[in-house]
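>>> take this sequence and fold it.
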Amino acid sequence: MKILGIHIPFTNQDYHPFQWFDGPDTIKIDAGPSKISFTHSSSFSGNFMRILGGMLLFGLGFMFILGSAWVIAGDSIIGMNNEESKEPCWPNQDTAITLSDGEVFCKFDTYTDGYSNYQIADDYYSLEMYGEEQKYRWSEENGIITDAYHYDDSDEYYCMSFIRASALPENWTADDLIIGETHGDDAYPEWCWESPDNSNVVFNDTNSTPFDGELLYEMYPSDELYPSDVVSWINTIQYKEDGGMINTFYESSRFMGAGGNSIMGFFGFLLMGIFTMSFGLMFRKRVIMFDTATNQITEEFIKRPRFGTIRSEMKVPISVDIVKNTRVVHHRESGDEHSSGRTWTTTHRGIDIMVDLVGQGPKAVLFLEGKNPQTEFESILELLFSTLGIKDEEEGQKWWESDDQS
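Numbers count the residues shown, from 1 in each chain. All right, here's what the predicted structure looks like:
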């Protein structure tokens, strides 16, 4: 078992080193008394494209990481400017809300939804929005309105609280928009916890406007605020006589540039940068090495960082088989708006170099592709067999005479 590239001790290893070479001229060999390694040998153009692709991805990843730093730096600059400026919402200072304690909320966004067919009943009202009838239950106490929409697939109300602008103190602050905890006795009236039933409610037409068209400020339960007991946003709702419902959002200048969006942006850029840079490193060549001193086969990148290293142990005495094989590769090409894409397969004839591995049995660690691999790779395999201490006589016949098929 392997987790995050690390083999978990005392579990079976279901992966092993493997490299595929297309012709002897694509192999670069480095042989010693007890070691032999094989690396892909590329032409100048192949090396250039590999290096260029890796550099482009590495550079793009570095730009993403710089972007994460820019998000934090930019937010810090905005925060300092807001603290020092007399107009923290510039250039839209005229649309800001300035509270009695000096805290400023900058207008973030506003949009208008349409409504029609407004009807009322005792403790209920209904209206049409987005082409559908929507029924609400509501109550009011001391200018604080509890409003609840009943979802058809829910067995409880979803309550929200608003306060009329006329019910706010003359010198009100953001603290006046905080109510008790959601599940406390002082947050919502008891009917919020009842099972909804408006099937017998009779609605009547009216010429009035919901909540008399007054501006309503959304109130926040204290246990739903973050940080605790701090209002960083103000949301207002106002129904108009012409059938429009205006929603407006304001953000506290104290929290501008220091909210969750900035944190998400920072980590988003950072993770994208790390992922892209790591993918760029994948363009590097890998080497497969046979070491008789440690009886290990190692596949890894030829240069650091060498993450993704794969090691397997060869059984002693070392046993190698040469098996003819035809490998099938499935290809897929993505389409666009003018085509649906296509898939196809290619076949590749060659020989598998099978090594008996500890805990895994015989596994193909090399595939040597060629029209006549028996002769094309003869000198390479003789060098491999010599390094591993395997003699032809021990096999009973020359390896290129084997008729095994897989």
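
>>> C-alpha only now, for contacts and for neighbours.
Noted.

>>> mean confidence score for stretch 286-296?
Averaging pLDDT along stretch 286-296 yields 93.

>>> and the contacts of that stretch?
With contact meaning CA atoms under 8 Å, 6 or more residues apart in numbering, stretch 286-296 is reached by 17-19, 34-40, 297-302, 311-316, 387-388.

>>> and for the residue lying closest to residue 301 once chain neighbours are set aside, the neighbour number?
Nearest residue to residue 301 in three dimensions, chain neighbours excluded: residue 286, at 4.2 Å (CA to CA, 6 or more residues apart in numbering). Using other CA atoms under 10 Å, the number of residues around residue 286 comes to 18.

>>> for residue 33, same thing?
Using other CA under 10 Å, residue 33 is surrounded by 11 other residues.

>>> what separation is there between it and residue 313?
19 Å (CA to CA, to the nearest Å).

>>> domains in this structure, by residue range?
22-42+285-401, 89-255 (automatic domain parsing).

>>> residues in a beta bridge with residue 132, which ones?
Per DSSP bridges, the residues bridged to residue 132 are residue 129.

>>> and the gap between it and residue 117?
11 Å.

>>> who has more neighbours, these two?
Each of residue 132 and residue 117 has its neighbours counted (other CA under 10 Å); residue 117 has more, 13 against 9.

>>> show me what contacts the more buried one?
Taking CA under 8 Å, 6+ apart as the test, what residue 117 contacts is 126, 127, 128, 205.

>>> Three-state assignment for the second one, please.
Counting by DSSP: H, G, I helix; E, B strand; the rest coil, the backbone at residue 127 sits in strand.

>>> quick one: the strands in the stretch 151-300 of the chain?
Applying DSSP state E, counting those that start in this stretch to the stretch 151-300 of the chain gives strands spanning 158-164, 178-179, 204-205, 216-221, 233-239, 244-252, 286-291, 296-301.

>>> and the angle for the last one with strand 286-291?
When you say that, I think you mean strand 296-301. 160 degrees (axes from the mean of the first three to the mean of the last three CA atoms, to 10 degrees).

>>> partner strands of strand 296-301, with direction?
Using DSSP bridges, the strands paired with strand 296-301 in its sheet are strand 286-291 (antiparallel), strand 310-313 (antiparallel).

>>> quick check on the contacts of stretch 286-296: which are buried?
17-19, 35-40, 297-301, 311-315, 387-388 (16 or more other CA atoms under 10 Å).

>>> so what touches stretch 149-167?
Counting by CA under 8 Å, 6+ apart, 134-137, 142-148, 177, 188, 192-196, 214-220 sit against stretch 149-167.

>>> any idea how far residue 218 is from residue 241?
Relative to residue 241, residue 218 is positioned 21 Å away (CA to CA).

>>> of these two, which one has the most company?
residue 218 (19 against 13).

>>> look up which residues are beta-bridged to the closest residue to that one other than its chain neighbours.
Once flanking residues are discounted, residue 218 sits nearest to residue 162: 4.3 Å by CA to CA, 6+ apart. Applying DSSP bridges to residue 162 yields these beta-bridge partners: residue 145, residue 218.

>>> tell me, how many residues neighbour residue 162?
Neighbour tally, residue 162, other CA under 10 Å: 21.

>>> separation between it and residue 119?
20 Å.

>>> what about residue 63, which helix or strand?
helix 44-84 (DSSP states H and E).

>>> quick one: contacts for residue 235?
217, 218, 247, 248, 249, 250.

>>> likewise residue 244?
By CA under 8 Å, 6+ apart, the neighbours of residue 244 are 112, 113, 114, 115.

>>> what's the closest of the residues you listed to residue 347?
residue 113 (60.7 Å; CA to CA).

>>> excluding its backbone neighbours, what's nearest that closest one?
Closest to residue 113 by CA to CA, 6+ apart is residue 245, at 5.1 Å.

>>> I'd say the one you found and residue 116 touch.
No: taking contacts as CA atoms under 8 Å, residue 245 lies outside contact range of residue 116: 10.2 Å.

>>> pLDDT weak spots in the stretch 151-300 of the chain?
Within the stretch 151-300 of the chain, the segments meeting pLDDT under 70 span 152-153, 181-186, 223-229, 255-271, 273-284.

>>> picking that back up, TSV for the strands of the stretch 151-300 of the chain, including distance to residue 344?
Output for those, formatted as TSV (distance: least, CA to CA, whole Å):
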stretch	distance to residue 344
strand 158-164	54
strand 178-179	63
strand 204-205	66
strand 216-221	59
strand 233-239	56
strand 244-252	54
strand 286-291	27
strand 296-301	29
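
>>> which of the ones you listed sits closest to residue 27?
strand 286-291 (10.3 Å).

>>> for residue 66, which of the domains of the chain is the nearest?
Of the domains of the chain, the one closest to residue 66 (CA to CA) turns out to be domain 22-42+285-401, at 21.4 Å.

>>> weed out the non-buried ones from the contacts of stretch 149-167.
Buried among the contacts of stretch 149-167 by 16+ other CA under 10 Å: 135-137, 144-148, 177, 188, 192, 196, 214-220.

>>> where does the prediction get shaky in the stretch 301-406 of the chain?
305-306, 337, 392-406.

>>> tell me how far the closest residue to residue 146 other than its chain neighbours lies from residue 364.
Computed as CA to CA, 6+ apart, the closest residue to residue 146 that is not its neighbour in sequence is residue 161, at 4.5 Å. In this view, residue 161 and residue 364 are 68 Å apart by CA to CA.
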